[in-house]
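Engineer: need coordinates for the following:
(2 chains)
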2 protein chains.
Amino acid sequence: MEPNSPQASPPFAYEDLYVGQRFTSGTRQVEQDEIIAFAKQFDPQPFHTDPEAAKHTLFQGLVASGWHTAAMTMRLLIDSGLSIEGGMVGAGGELTWPRPTRPGYILQVETEVVELRPSRSRPDRGLATIRSETKNQAGEVLQILFARLVVPRRNELPSA
Amino acid sequence: MEPNSPQASPPFAYEDLYVGQRFTSGTRQVEQDEIIAFAKQFDPQPFHTDPEAAKHTLFQGLVASGWHTAAMTMRLLIDSGLSIEGGMVGAGGELTWPRPTRPGYILQVETEVVELRPSRSRPDRGLATIRSETKNQAGEVLQILFARLVVPRRNELPSA
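Structural biologist: Here you go, the predicted model:
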């Protein structure tokens, strides 16, 4: 097996990734209108769709659906340096939303590769676990995502 | 503490939920156009945005972004009988996508309450964990979601 090569340029294959590798996304400002538009389609609850009514909920103001925060995070990931050979394909993940996303926040995603392992069943691919923190402009963490990605191997492992 | 009351009608408070309680959502057909529109905004990769190019990817055809499946699932949950006092507020969750969502699929979500516990810090709320399976019309599971919901208590626990 080739040693990991931090100098590799994207799109990355399994061999180009290493535990501890970090990626920082660009930024994206969240507008009130998009929070409302997303929520009307997918999560129509007053604290996501109605700025007035939202004041009287436990959020005390309009906040984005957690699924909207997740979707915006995906877009920032796609546009960041973490580009995977054949595309970014997730097998699943774990989400936490420590704080809600509010209108005007500027989001940025910091990602670290936290685990790498070859697939048991498929010698042509590996599994990478990444940990992505979505933060606002004050550095407050809005979302923590652990995602399991399917990553093609550049060189298949010889069968032992 | 009151015994759980299966006959309670929504919106549910913590006391109305019980482990094993089940909810079945309505259905929703997924159109190719909405798969593409969502992906262009949040997950612009060829297997989500370009039906032709998608044929030559590991999905062998257009599939919805996993985040789109998650968002559609949320909408089905909101519209199903599982309505929570004060709104459905998630603290986080765990997602698995065993199969991709393809155009034309008719989605339905089956949900079960799998764990209930009072909040350690807040006597006015509890935490409910639900397990939601998103299936297509053939009964194939597309997504499994474990979600942790914050649920208000109708009656605060007396401090012991």
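Engineer: quick one, helices of chain A?
Structural biologist: For chain A, applying DSSP state H gives helices covering A:32-42, A:46-49, A:51-54, A:66-79.
Engineer: report whether the first one contacts chain B.
Structural biologist: Yep, that's helix A:32-42 we're talking about. Yes. For helix A:32-42, a contact with chain B is found by CB under 8 Å from any CB of the partner chain, at A:38, A:41-42. In short, each C-beta sits where N, CA and C put it, glycine included.
Engineer: quick one: contacts of that helix?
Structural biologist: Contacts with helix A:32-42, where a contact means CB atoms under 8 Å, 6 or more residues apart in numbering or on different chains, come from A:45, A:48-49, A:51, A:62-65, A:67-68, A:71, A:101, A:103-104, B:71-72, B:74-75.
Engineer: what's the answer for the third one, then?
Structural biologist: Here helix A:51-54 makes contact (CB under 8 Å, 6+ apart) with A:32, A:46-48, A:60-63.
Engineer: just put those residues in JSON lines and tack on distance to B:Asp16, pLDDT and neighbour count.
Structural biologist: As requested, the contacts of helix A:51-54 are exported to JSON lines (distance: CB to CB, whole Å; pLDDT from 0 to 100; neighbours: other CB atoms under 10 Å in any protein chain shown):
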{"residue": "A:Gln32", "distance to B:Asp16": "33", "pLDDT": "98", "neighbour count": "13"}
{"residue": "A:Pro46", "distance to B:Asp16": "20", "pLDDT": "94", "neighbour count": "18"}
{"residue": "A:Phe47", "distance to B:Asp16": "21", "pLDDT": "95", "neighbour count": "25"}
{"residue": "A:His48", "distance to B:Asp16": "23", "pLDDT": "96", "neighbour count": "25"}
{"residue": "A:Gln60", "distance to B:Asp16": "25", "pLDDT": "95", "neighbour count": "11"}
{"residue": "A:Gly61", "distance to B:Asp16": "28", "pLDDT": "97", "neighbour count": "13"}
{"residue": "A:Leu62", "distance to B:Asp16": "28", "pLDDT": "98", "neighbour count": "24"}
{"residue": "A:Val63", "distance to B:Asp16": "25", "pLDDT": "98", "neighbour count": "26"}
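Engineer: which residues in chain A form strands?
Structural biologist: Under the criterion DSSP state E, chain A carries strands at the ranges A:22-29, A:89-96, A:106-118, A:125-135, A:141-152.
Engineer: just tell me which of those strands ends up closest to B:Asp124.
Structural biologist: Evaluated over the strands of chain A, closeness to B:Asp124 peaks at strand A:89-96, with 21.6 Å, by CB to CB.
Engineer: got the contact list for A:Val19?
Structural biologist: By CB under 8 Å, 6+ apart, the residues touching A:Val19 are A:113-116.
Engineer: for A:Gly87, what are its contacts?
Structural biologist: A:Gly87 sits in contact with B:45-47, B:57, where contact means CB under 8 Å, 6+ apart.
Engineer: brain fart, A:Pro11
Structural biologist: Contacts for A:Pro11 (CB under 8 Å, 6+ apart) come out as A:83-86.
Engineer: pick out the most distant pair among those.
Structural biologist: Applying CB to CB across these, the maximum distance is between A:Ser83 and A:Gly86, 10.1 Å.
Engineer: before we move on, the earlier item: and the contacts of A:Val19, which of them are buried?
Structural biologist: Burial by neighbour count, judged by 16 or more other CB atoms under 10 Å in any protein chain shown, picks out A:113, A:116 from these.
Engineer: show me the two of the contacts of A:Val19 that sit farthest apart.
Structural biologist: Farthest pair in the contacts of A:Val19 (CB to CB) is A:Val114 and A:Leu116. Separation: 8.7 Å.
Engineer: list residues touching both of these two?
Structural biologist: Shared contacts of A:Val114 and A:Leu116, defined by CB under 8 Å, 6+ apart, comprise A:19, A:129.
Engineer: out of the helices of chain A, deepest packed?
Structural biologist: helix A:66-79 (a mean of 24; mean count of other CB atoms under 10 Å in any protein chain shown).
Engineer: what's that one in contact with?
Structural biologist: Contact with helix A:66-79 is made by A:25-28, A:30, A:34-35, A:38-39, A:42-43, A:48, A:64, A:88, A:95, A:97, A:100-101, A:107-109, A:111, A:132, A:134, A:142-143, A:145, B:38, B:41-45, B:65, B:67-68, B:70-71, B:74, B:90, as judged by CB under 8 Å, 6+ apart.
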